[in-house]
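> build me a model:
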Amino acid sequence: MVSRGGNWCLYATCDIPEADIREPEGGFLGADLGIANIAVTSEGTVHAGKHVNQVRHRNRRLRKRLQKKGTKSAKRLLRKLSGREARFAADTNHCISKKLVTEAERTCRGIALEDLGGIRERVRLRKPQRVTLHSWTTFLCMSCGFAEHADINAARDIAARGAADWAVSHAADDAA
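Alright, predicted model coming up:
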């Protein structure tokens, strides 16, 4: 039991058994994660990050003005603003991830995400090439002419890779 600001809080710990891993009956929902579009699903749902970037830009301008002013009230406001942007971004990410999980549960599918670990070591393009590459929003297949939004195409590839990886990992479990 803990007292905080005149309020008493009781912290209790309980053991909850882990849920069984269910077979994704409807396949996989692929999610491509990015900066301009925070998440794009293999169904074509785009969760844009435009609002987050607008808030970041507004906060950057406000911090610049307040730091330039340097008064006591400005410093107090800067302290107040210090964690607001991070909390806003975390809340936005949480809401988007909740939507992805709800959609996957509703359609009895698993969620496949891309592995972004070690991406800096894997990418060998120079910065001007990366800027050019990331400015393209459409994927175009040179052999068949198939055209699709690049993020949606990536999400579909991730979903297919997730299904293949699931089959391989569970084939070993079934054989044992």
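
> so where do the helices sit in this structure?
Remark: helices assigned in the chain by DSSP state H are 50-69, 72-81, 84-106, 119-122, 127-135, 150-175.

> what residues of the longest one count as buried?
By that I understand helix 150-175. 150-159, 162-163, 166 (16 or more other C-beta atoms under 10 Å). All C-beta spots, glycine's among them, are computed from the backbone N, C-alpha and C.

> and those, which is closest to I111?
If you rank the buried residues of helix 150-175 by distance to I111 using C-beta to C-beta, G162 comes first, at 7.7 Å.

> output the lowest mean pLDDT helix or strand found in this protein.
Lowest on mean pLDDT, DSSP states H and E among the helices and strands of the chain sits helix 127-135, with a mean of 56.

> so, low pLDDT: which residues of this structure?
Within the chain, the stretches with pLDDT under 70 are 118-120, 122-136, 172-176.

> so who does A154 touch?
Going by C-beta atoms under 8 Å, 6 or more residues apart in numbering, A154 touches 30, 32, 40, 114, 139.

> make that K75, sorry
Residues in contact with K75 (C-beta under 8 Å, 6+ apart) are L66.

> what about it, distance to A155?
According to C-beta to C-beta, to the nearest Å, K75 and A155 sit 44 Å apart.
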